[in-house]
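> Kindly generate the corresponding structure for this input.
(one chain, ligands or ions: 2)
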Amino acid sequence: MSKEVVLTVAGSDSGGGAGIQADLKTFQSLGVFGTSAITAVTAQNTSRVMDVKSLEGDFVSSQIDAVANDMNITALKTGMLANEENVHIVSKKITQYNFSWCVIDPVLVATSGDVLLTQRALETVKEQLVPKCDIITPNLPETEILTGIKINGYNDIEKAAMMLRGQGAGSVLIKGGHGKGEAVDYLFYDQGMIKLTATRIGVGSLHGTGCTLSAAICAYLGQGYELISSVDKAKKYITKAIKNSFVVGEGSRVLSH
Ligand SMILES: Nc1ncnc2c1ncn2[C@@H]1O[C@H](COP(=O)(O)OP(=O)(O)OP(=O)(O)O)[C@@H](O)[C@H]1O
Ligand SMILES: Cc1ncc(CO)c(N)n1
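Ligands and ions are numbered 1, 2, ... in the order given. Just a heads-up that it's a prediction; the model follows:
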């Protein structure tokens, strides 16, 4: 038996609901072999982030080298990159190894409001990662910060997506998890736009939804599905994971991977 190998470059969440832990659970559940390069370690639970330690750039670099020189990585995703140096390294490694698929989840702040990427690093994401990704998956607040466009409705969503595609992103998935009404995501790609709609599940605050969705997209791309079916299948996976979410601590619910 063989399995496709995928890689997540992200931060560790000691609470197990988001970050590397959510990514690896998603990979396992969707049948790909998950590998990881850890950029930062957070002391975190379902309520908040208590402490963060970023790992040295050289060490992030050698984790990616260790994996990529040994295995055939069919898709990569990024999550929390923490600082400018890590963003720069990931950009360099994407060029060096020419991974077939790159999914960028531009993690800026945690659900709890804690900052997971510095302001300077944000500029480097725009300059170096946006142009190299096959898909970027911002939520509404991240879309506003990345583009400077205040989102008040669909026209603004479209304008922001066009701006990111104009900067070189292959496709853009703008997630509506933070909106009201149905949970609608918009996928902008080279042939137009697809609206992905799911009933909003009224379970209250959730932890790890963004990480899990981007990991699922990465897993499906790594298995050979086309972009649109990967996003569509990932949306179905996250909806089910939210429906079956449960309580493990005093804060947000966690997903059933
Ligand atoms: N209550 C909900 N019911 C159904 N789908 C949801 C709900 N909340 C989020 N989603 C879906 O989950 C996916 C992730 O979206 P979300 O906007 O929550 O990402 P995120 O803000 O990056 O996540 P995180 O809060 O982990 O940083 C999207 O497909 C979104 O539509
Ligand atoms: C490590 C980590 N990555 C991403 C998120 C965003 O949900 C988080 N809370 N923690």
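> Now for the nearest residue to Ser91 once chain neighbours are set aside, how many residues are close by?
Using C-beta to C-beta, 6 or more residues apart in numbering and skipping the chain neighbours, the partner closest in space to Ser91 is Gln128 (3.8 Å). C-beta coordinates here come from the backbone N, C-alpha and C atoms, glycine included. By the criterion of other C-beta atoms under 10 Å, Gln128 has 17 neighbours.
> Now the element after the helix or strand hosting Thr143, going C-ward?
Taking DSSP states H and E as the criterion, Thr143 maps to helix 140-147. Proceeding C-terminally, helix 140-147 gives way to helix 154-166 as the next helix or strand, assigned by DSSP H and E.
> what's the angle from that next one to helix 140-147?
Interaxial angle, helix 154-166 versus helix 140-147 (axes from the mean of the first three to the mean of the last three C-alpha atoms, to 10 degrees): 50 degrees.
> distance between the helix holding Thr143 and the chain's centre?
Relative to the centre of its chain, helix 140-147 is centred 14 Å away, using C-alpha atoms, centre = their mean, to the nearest Å.
> May I ask you to name the longest strand in the chain?
strand 33-44 (DSSP state E).
> what comes into contact with that one?
With contact meaning C-beta atoms under 8 Å, 6 or more residues apart in numbering, strand 33-44 is reached by 3-15, 18-20, 23-24, 26-28, 49-55, 60, 63-64, 67, 71, 73, 80-82, 86, 110, 116.
> Only whichever of those residues are buried, select them in PyMOL.
In PyMOL, a selection of the buried entries from these looks like this (16 or more other C-beta atoms under 10 Å):
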select buried, resi 4+5+6+7+8+9+10+11+12+13+15+18+19+20+23+24+26+27+49+52+54+55+60+63+64+67+73+80+81+82+86+110+116
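> What about the contacts of strand 33-44, which are in strands?
Using DSSP E, the subset of these located in strands is 5-13, 49-54, 73.
> Sweet, I'm off.
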